[in-house]
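Participant: Here's my sequence, what's the structure:
(chains A and B)
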Amino acid sequence: MERRDFLKGSAMGAATVAAARLTKGKDGLALAAPAEGAGVTWNKAPCRFCGTGCHVQVGVAGGKVVAIQGDEKAEVNKGLLCVKGYHVGLALYGKDRLTTPLLRKNGKLEPITWDQAIEIIAKRVMANPAGFAVYGSGQWTIPEGYAANKLVKAGIANNQIDPNARLCMASAVTGFLSTYGVDEPAGCYDDLDKADVIVLWGNNPAEMHPVLFSRIVDRRSRGESVTLIDIGTRRTRTSGFCQHVLTMKPHGDLAIALGIMHVLIEKGTYDKDFVAKYCNFRQRTDPPTLDGKEMSFDDWKKALAEYTPEKVEKLSGVSAKDIRMLADLFGRRDLKITSLWCMGMNQHTRGTAINDLVHGVHLLSGHFGKPGDAPTSLTGQPSACGTVREVGTLAHGLPGGLLVAKEEHRKEAEAIWNLPAGRINGKPGYHTVDMWKRFSTPKAKGGDIDTIWVQVTNPAQSLPNINELVDPSRKDPDKFLIVSDVYPTQTVKMADLVLPSALWVEKNGMFGNSERRTQQWFKMVEPPGQARDDCWQLIAVAHKLMELGHPGMKDKDGKFLFHTEKDGKEVPIWDYKHYYDVNVDERLFNEYRKFTRFKHKDLAPYSEYVKARGLRWPVVEQKDGTWRETKFRFAKFDDPYVTKGDIEFYHSVTKDSRALIWFHPHEQPPEVPDAAYPFWLCTGRVIEHWHTGSLTMRIPQLHAAMPQAYLELHRDDAKALGVANGEVVIVESRRGSCELPVWIDGRGQPPPGSVFVPFFDETILINRVTLDAHDPLSKQPDYKKCAVRIRKKPAAGKV
Amino acid sequence: MTVSGLVLTLENEAIALAALANDSRVVCGEAQGLRLPVVTETETPEEAEELCESLARLPGVLFVDVVSVAFDTEVM
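Facilitator: From the prediction side, this is the model:
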């Protein structure tokens, strides 16, 4: 059979199975991997892009990825993919892959050897260990993040590590911690198959999580009834599918949640039994903490009294009638309601508060703990949950939800890592904004971070207010920027040292998606040139540090921190020739999983993930030796750790198995439009591109579909400004400006007085304009609202 | 040459099939209720993208899900 015929047959087979699944639901269908043949071998991997966690089948021939197919065995996507997913293989083959280490000499990046590069990094650490930081991401694989965390917390022992996930889901973390005492959603994507009502809080899944959204919309085409409610500051592609589109003012979400709770109390339609059995009440303190201050139910109700639907209408812009409509839905016991959110609630200077309040709406109304009844946050990166939240690559974290500030947690970590007592530093490192501020501040003025090693992210494009957080460091000779990446991103172009990295199926890997699902894949093709695994780079630096005499790189028995054996002999995994003599991912993961028991986030042995399309934690061993995943946490019918009652919050903040319903008042954003800067600016993503576009802008089809960023402007504002479609305008804030073409109404149809700009385009850096103000608890910045002015770009020669 | 596997969700099967019959780049499989599996074969990935978008606009078609794509231009 010719390869063309084979691929056509394979494509038809996949499409037929997917059609059958969509029509009949998931049951009763024979599933099969794509057939081997015509020189194409297939293997599974999670998609490299968003946090949905779709599985793909990767077709390899002649040492190259040649085909991508949705994985029919994957519960998440049931064989389907989005426009980015089915092009994911092409992300490997951009023409400008980095293939050799580069060092800046006299202003130019010039090739050096790997040995030289590793030694330069190690010597920077040795010269000033306290000033060395690692900045990673939710695109790190789980073993990569674990290795970075161990290097920094067990080795260098300064806790200076933080990820870009601080910018995308830190407020979700603090919301889960302050409500339930432990991070991550209780429910999972199965809720989307069962819910009668889905409330989208500042969320645009039709573009950002399209396969999940397709899963919802497909229910409708099977004749099921699903009510979709879109609450946001602009219309999006999602809005067109929703029965209710509630356009709110920025920060209006706080008022809306308070208004819903007010009506539930006023009408007595809250779930009295659920509240009496499972909830306590809390208010914030000054300064705010995750524990807050105790509050009686009566005092909580008094605090809520002023948030009548009419007042909420004034605060939020959403009508009192719609507030009552929402409250009436939550007041019904016969419906199942799921809330979804992502950046809209998280990139918010009151991010923890709005997360708390949405959890509170669900708890107060008892829409919790049954399939279809869940408050569920989504993530934007493929392993924001797996690598950041679970491995603990945040400046204050240790693996498994442990904290550096807690002595008992440090002792547990030191025991697992076989470290001498007291090795782990109890002082948290700097959160992202602080880390980069210090890197961009001269040493003499308190800028005590002098070296940052960036892996798998592009902060010179994605940090807010980059004029202040990044640019000054590039003019300071004391500051040294190291970047591991696959393409010459904006950050690579500014770096002092560049390390070429392997990407996705060019290495072994594991991700953890938004629904607690841990996924595994094997290396399938070789990386180009001298590109190497990020994990190897970290281990090689650790070993070089040991050779240079750094005391932290050995455990208490004098063994290397990443000591690895095969058949009783040490394998020199720091030497790339031997890195694949063993499965380093398996070695690191099986060590890491020892941490996961403390917070009941149990992971199975590595070998179980090889067999599965991911498993949702806690994954608990059964009497017969098999491993069982958990779909619904805290609910007796599914969670093996529930020992009393139907619902048990076994990491309760108040130690009484109850969750917390918080009161947080509505507050205005820190910067609002005024006479000088009269527009709201919101930033975000588009369906064609992922994050800073460093991968998707190199995929010809995606680049062609959306080649350049733009400014969405309401047509009345365009008329008032005298600008036409495609005309270039200058968008300015108090921090900076950029120029870009206008798209009148655009996809998002922003309301009058507000504009939207996507951040994927490295030629138009909208983060020169955004604000670095952040939530006081999560430290997550607000990219969704700041004040700007718009003016037409003067013709050449005019000012 | 690019080969893609798609699932078309149909509003009206007869109208959609009539419209699809005019395009030699599209091979239809056996409909599963209102879901029609199809394979498209185009000269370039760009054309595949355009074809996919045009299928979504055809009368009788509600929307299009993409299931697979093979972009092995060197060997095809």
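
Participant: now residue A:677: how far from chain B?
Facilitator: To chain B, residue A:677 is 38 Å away according to Cβ to the nearest Cβ, to the nearest Å. For glycine as for every other residue, the C-beta is placed from the backbone atoms N, C-alpha and C.

Participant: dump the residue contacts of that residue.
Facilitator: A:732-734, A:787-789 (Cβ atoms under 8 Å, 6 or more residues apart in numbering or on different chains).

Participant: Just the buried subset of the residues you listed, please.
Facilitator: Among the contacts of residue A:677, those classed as buried by 16 or more other Cβ atoms under 10 Å in any protein chain shown are A:732-733, A:787-789.

Participant: between those, which is closest to chain B?
Facilitator: Set against chain B, the nearest of these by Cβ to the nearest Cβ is residue A:788 (33.0 Å).

Participant: Could you give the number of residues near residue A:325?
Facilitator: 17 (other Cβ atoms under 10 Å in any protein chain shown).

Participant: unless I'm mixing things up, it is touching residue A:256, no?
Facilitator: No: with contacts counted by Cβ atoms under 8 Å, residue A:325 stays clear of residue A:256, the gap being 11.3 Å.

Participant: where in the chain is pLDDT low?
Facilitator: Picking chain A for this. Applying pLDDT under 70 to chain A picks out residues A:1-3, A:6, A:21-38, A:797-799.

Participant: my question was about chain B
Facilitator: For chain B, the ranges with pLDDT under 70 are B:72-76.

Participant: do that again at 90, thanks
Facilitator: B:1-7, B:9-24, B:29-35, B:42-54, B:56-76 (pLDDT under 90).

Participant: near chain A, which residues of it?
Facilitator: Residues of chain B that fall close to chain A, judged by Cβ under 8 Å from any Cβ of the partner chain: B:1, B:3-7, B:9, B:27, B:29-39, B:41, B:45-46, B:48-49, B:62, B:65-72, B:74-76.

Participant: Narrow those to just the buried residues.
Facilitator: Looks like these have B:1, B:3-7, B:9, B:27, B:29, B:31-32, B:34-39, B:41, B:45, B:48-49, B:65-72, B:75 buried, using 16+ other Cβ under 10 Å.

Participant: Okay, and which of these map to helices?
Facilitator: Of those, the ones assigned to helices by DSSP state H are B:45, B:48-49.

Participant: So which of those is the closest to residue A:229?
Facilitator: residue B:49 (32.2 Å; Cβ to Cβ).

Participant: For that closest one, which residues are in contact?
Facilitator: A:701, A:704-705.

Participant: Likewise for residue A:673?
Facilitator: Residue A:673 neighbours (Cβ under 8 Å, 6+ apart): A:679-680, A:753, A:787.

Participant: ok, now how distant is it from residue A:599?
Facilitator: Separation of residue A:673 from residue A:599 (Cβ to Cβ, to the nearest Å): 43 Å.

Participant: repeat for residue B:56
Facilitator: Relative to residue A:599, and taking Cβ to Cβ, residue B:56 is found at 45 Å.

Participant: Comparing these two, which residue is more hemmed in?
Facilitator: residue A:599 (19 against 14).

Participant: By proximity to chain B, which residue of the stretch 201-350 of chain A wins?
Facilitator: residue A:221 (5.7 Å).

Participant: Following the chain past the host helix or strand of residue A:191, name the next helix or strand.
Facilitator: Here residue A:191 sits within helix A:190-194, counting by DSSP states H and E. Sequence-wise, the next helix or strand downstream of helix A:190-194 (DSSP H and E) is strand A:197-201.

Participant: partner strands of that next one, parallel or antiparallel?
Facilitator: strand A:227-232 (parallel), strand A:337-341 (parallel) (DSSP bridges).

Participant: Next, format those strands as JSON lines and append mean neighbour count.
Facilitator: Shown next, in JSON lines, are the strands paired with strand A:197-201 (neighbours: other Cβ atoms under 10 Å in any protein chain shown):
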{"stretch": "strand A:227-232", "mean neighbour count": "22"}
{"stretch": "strand A:337-341", "mean neighbour count": "26"}
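
Participant: Please render these as CSV that adds distance to residue A:195 to the earlier fields.
Facilitator: Formatted as CSV, the strands paired with strand A:197-201 follow (distance: least, Cβ to Cβ, whole Å):
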stretch, distance to residue A:195
strand A:227-232, 9
strand A:337-341, 4
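
Participant: Nearest to residue A:98 among those would be which one?
Facilitator: Here strand A:337-341 is closest among the strands paired with strand A:197-201 (Cβ to Cβ), at 35.6 Å.

Participant: counting contacts, what elements does the next helix or strand after that closest one pack onto?
Facilitator: Helices and strands here follow DSSP H and E; after strand A:337-341, the next one along the chain is helix A:343-346. Applying 3 or more Cβ pairs under 8 Å, 6 or more residues apart in numbering or on different chains; DSSP states H and E, one finds that helix A:343-346 contacts helix A:170-180, helix A:351-365.

Participant: just checking, next helix/strand downstream of the longest one?
Facilitator: Taking DSSP H and E as the definition, the helix or strand that follows helix A:351-365 towards the C-terminus is strand A:374-377.

Participant: what residues does that following strand touch?
Facilitator: A:169, A:172, A:175-176, A:185-188, A:191, A:195, A:338-342, A:345-346, A:355, A:358-359, A:361-362, A:367-368, A:514-515, A:632.

Participant: Walk me through which strands it pairs with, and which way each runs.
Facilitator: strand A:337-341 (parallel).

Participant: tell me the angle the strand it pairs with makes with helix A:351-365.
Facilitator: 180 degrees (axes from the mean of the first three to the mean of the last three Cα atoms, to 10 degrees).

Participant: And the residue of the stretch 501-650 of chain A found nearest chain B, which helix or strand is it part of?
Facilitator: Residue of the stretch 501-650 of chain A nearest chain B, by Cβ to the nearest Cβ: residue A:525 (13.5 Å). Assessed by DSSP H and E, residue A:525 sits outside every helix and strand.

Participant: residues contacting it?
Facilitator: Contacts of residue A:525 by Cβ under 8 Å, 6+ apart are A:60, A:63-65, A:92, A:505-506.

Participant: Drop anything exposed from the residues you listed.
Facilitator: Buried by 16+ other Cβ under 10 Å: A:60, A:64-65, A:92, A:505-506, out of the contacts of residue A:525.

Participant: Redo those residues as TSV? Include distance to chain B.
Facilitator: Formatted as TSV, those follow (distance: Cβ to the nearest Cβ, whole Å):
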residue	distance to chain B
A:60	10
A:64	8
A:65	9
A:92	11
A:505	15
A:506	17
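
Participant: Which ones among these map onto strands?
Facilitator: A:60, A:64-65 (DSSP state E).

Participant: Alright, calling it a day.
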